[in-house]
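Enquirer: below are the sequence and a predicted model for it; my questions follow.
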Amino acid sequence: MYQADIEKAVAHYKALLESQVERAEKMNQASAPEKKEKTVIGVVGGDGIGPIITLQAQRALEALLKDEIAAGKIELRAIDGLTIENRLAVNKAVPDDVLAAIKECDVLLKGPTTTPSGGEQLESANVALRRELDLYANVRPVSVPEEGIDWMFFRENTEGEYTLGSKGIEIPGLLTMDFKVTTVAGTRRIARAAFEFARKNGKNHVAIVTKSNIMKKTDGMFSILCREIAAEYPEIQADEYFIDIMSANLLKPNMRSQLQVFVMPNLYGDIITDEAAQLQGGVGTAGSANIGDRYAMFEAIHGSAPRMIARGMGDYANPESILRAAVMLLQHIGMPDKAAKLTAAIEAAAQIAPITGTKEGSTCAQYGDALVQALAE
Ligand code: IPM
Ligand code: MG
């Protein structure tokens with residue numbers, strides 16, 4: 001009775017498999033990017049509260065990088081048009097002209113973009129950019145010094161449930177099926193990134209987080225390949241944990257202070273980094289780096305807060321997360337001193353112009369004024 005549906009689904013699945021084989025083969029042939037004289041930082045506002053918070057981060061970067069900008073070593077380039085209205089109008093996760101402008105940059109500071117959920121709607125702009133720019137490592141730090149927490153998450157960022165998340169199969173009225181993809185090269189490169197970070201930063205433990213007892217093929221291979229890479233780092237202890245118990249461990253005081261570096265497939269990383277950020281004070285306090293070999297993108301970990309805009313409260317949005325992302329951007333382009341300066345200014349500004357998300361607190365722009373002031377001191 002469902003023969004026609006099944007045949008249609010099989011043809012669809014064949015095309016997906018071919019596309020993923022092609023992607024995996026391309027990854028094997030990747031070459032190192034050339035070094036450039038000038039670094040172009042694209043500033044992408046996004047939508048909702050995105051342009052409001054990103055503007056303050058842009059002001060901070062302009063102040064911090066004044067000399068480099070004047071010397072032509074760095075360019076800050078505003079990229080408009082990554083809004084939900086434009087994306088819906090052309091029915092593309094990232095409109096072609098916006099993508100072309102983004103690809104002319106080297107690193108990006110990106111505000112949140114609204115993700116339509118379910119049905120036949122648009123793919124998330126984040127997911128599309130991570131794929132288009134091959135930003136395979138989602139790096140998210142979480143720190144709560146008084147609890148002994150200093151964590152760095154390496155979330156695989158282009159594979160798993162996300163690769164084909166908008167390309168599932170449906171037998172209408174009967175069932176739906178999505179796919180999870182894990183490639184050898186894709187796993188090795190995220191594992192390598194996590195262990196290299198651990199080695200360079202004097203960490204001696206990496207937690208490999210999977211559900212390989214259930215997702216036997218994909219997580220099973222992720223686990224085996226991470227252990228293979230771990231063998232090249234004998235000074236680092238690598239242990240595998242399942243995602244469910246790891247979610248509990250993050251809440252266990254004696255356990256969580258032992259954890260240092262984490263590596264995991266995409267969806268688990270999505271979930272657990274929100275949990276971890278909450279321990280630090282909320283998802284709004286965390287920064288997020290999306291790193292590839294050619295491009296890197298730094299973004300606020302939270303969404304575009306459409307409800308805040310609808311209530312007319314957009315001007316009271318907190319720019320802390322995008323500013324933490326800007327700190328990571330500065331570290332990534334080899335400016336640790338400026339990153340430290342920005343971190344100190346973020347903390348100073350929070351004292352001078354505290355944001356509460358209500359009209360009793362400061363506006364985002366007032367906070368930005370305090371920030372620029374703190375940077376000038
Ligand atoms: C994140 C976000 C995104 C994700 C959404 C906005 C698509 O939750 O960066 O963690 O699921 O990766
Ligand atoms: Mg998330």
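Expert: Yep, it's here. The shown structure was predicted, so the numbers you read here are calculated from the model rather than taken from an experiment. Residues are numbered from 1 along each chain as shown. Ligands and ions are numbered 1, 2, ... in the order given.
Enquirer: next to ligand 1, which bits of the chain? Give me the list.
Expert: 115, 124, 126-127, 270, 288 (Cβ under 6 Å from any ligand atom). Backbone N, C-alpha and C define where each C-beta goes, glycine included.
Enquirer: how about 5 Å then?
Expert: 115, 124, 126, 270 (Cβ under 5 Å from any ligand atom).
Enquirer: what comes up buried for stretch 292-304?
Expert: Neighbour counts over stretch 292-304 (16 or more other Cβ atoms under 10 Å) mark 292, 295-304 as buried.
Enquirer: avg pLDDT for that stretch?
Expert: The pLDDT scores in stretch 292-304 average 91.
Enquirer: ok, now stretch 224-242?
Expert: On average, stretch 224-242 scores 98.
Enquirer: shaky segments in the stretch 201-350 of the chain?
Expert: Nowhere does the stretch 201-350 of the chain drop to pLDDT under 70.
Enquirer: residues touching the closest residue to ligand 1 within the chain, list them.
Expert: Going by Cβ to the nearest ligand atom, ligand 1 is nearest to residue 124 of the chain, at 3.9 Å. Applying Cβ atoms under 8 Å, 6 or more residues apart in numbering, we find residue 124 in contact with 93, 113, 115.
Enquirer: of those, select the buried ones using a PyMOL command.
Expert: Remark: buried members of those, expressed as a PyMOL selection using 16+ other Cβ under 10 Å:
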select buried, resi 93+113+115
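Enquirer: in JSON lines: the contacts of residue 124, plus secondary structure and pLDDT.
Expert: Converted to JSON lines, the contacts of residue 124 look like this (DSSP: H, G, I helix; E, B strand; the rest coil; pLDDT from 0 to 100):
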{"residue": "93", "secondary structure": "coil", "pLDDT": "92"}
{"residue": "113", "secondary structure": "coil", "pLDDT": "92"}
{"residue": "115", "secondary structure": "coil", "pLDDT": "80"}
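Enquirer: what is the nearest of the contacts of residue 124 to residue 41?
Expert: Nearest to residue 41, judged by Cβ to Cβ, of these is residue 113 at 18.1 Å.
Enquirer: distance of that closest one from residue 297?
Expert: 12 Å (Cβ to Cβ, to the nearest Å).
Enquirer: may I see the residues of the chain next to ligand 1 arranged in CSV, with secondary structure as well?
Expert: Below are those laid out as CSV (DSSP: H, G, I helix; E, B strand; the rest coil):
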residue, secondary structure
115, coil
124, coil
126, helix
270, helix
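Enquirer: could you find the closest non-adjacent residue to residue 287?
Expert: Once flanking residues are discounted, residue 287 sits nearest to residue 324: 3.1 Å by Cβ to Cβ, 6 or more residues apart in numbering.
Enquirer: what stretches of the stretch 1-150 of the chain score poorly on pLDDT?
Expert: Regions of the stretch 1-150 of the chain meeting the criterion pLDDT under 70 cover residues 117-120.
Enquirer: ranges for the helices of it?
Expert: Secondary structure of the stretch 1-150 of the chain (DSSP state H, counting those that start in this stretch): helices at 3-28, 50-64, 66-70, 84-90, 96-103, 125-132.
Enquirer: CSV for the ones you listed, including mean neighbour count?
Expert: Formatted as CSV, the helices of the stretch 1-150 of the chain follow (neighbours: other Cβ atoms under 10 Å):
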stretch, mean neighbour count
helix 3-28, 13
helix 50-64, 23
helix 66-70, 12
helix 84-90, 15
helix 96-103, 16
helix 125-132, 21
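Enquirer: to residue 155, which of those lies closest?
Expert: helix 125-132 (10.5 Å).
Enquirer: other SSEs contacting that closest one?
Expert: helix 96-103, strand 296-300 (3 or more Cβ pairs under 8 Å, 6 or more residues apart in numbering; DSSP states H and E).
Enquirer: what's the closest non-adjacent residue to residue 94?
Expert: Leaving aside its sequence neighbours, residue 94 is closest to residue 128 (4.9 Å, by Cβ to Cβ, 6+ apart).
Enquirer: tell me, how many residues neighbour residue 253?
Expert: Residues near residue 253, counting by other Cβ atoms under 10 Å, number 9.
Enquirer: just checking, it touches residue 146?
Expert: No: using Cβ atoms under 8 Å, residue 253 is not in contact with residue 146; the gap is 11.3 Å.
Enquirer: is it true that residue 275 touches residue 248?
Expert: No: using Cβ under 8 Å, residue 275 makes no contact with residue 248, being 10.1 Å away.
Enquirer: have a look at these two and say which one is more surrounded.
Expert: Each of residue 275 and residue 248 has its neighbours counted (other Cβ under 10 Å); residue 275 has more, 14 against 10.
Enquirer: give the buried residues for the helix or strand the more buried one falls within.
Expert: For residue 275, the element it lies in under DSSP states H and E is helix 266-280. Buried residues in helix 266-280, counted by 16+ other Cβ under 10 Å: 266-270, 272-273, 276-277, 279-280.
Enquirer: if you count contacts, what does it end up packed against?
Expert: So helix 266-280, by 3+ Cβ pairs under 8 Å, 6+ apart, packs with strand 137-144, strand 149-156, strand 205-210, helix 243-249, strand 261-264.
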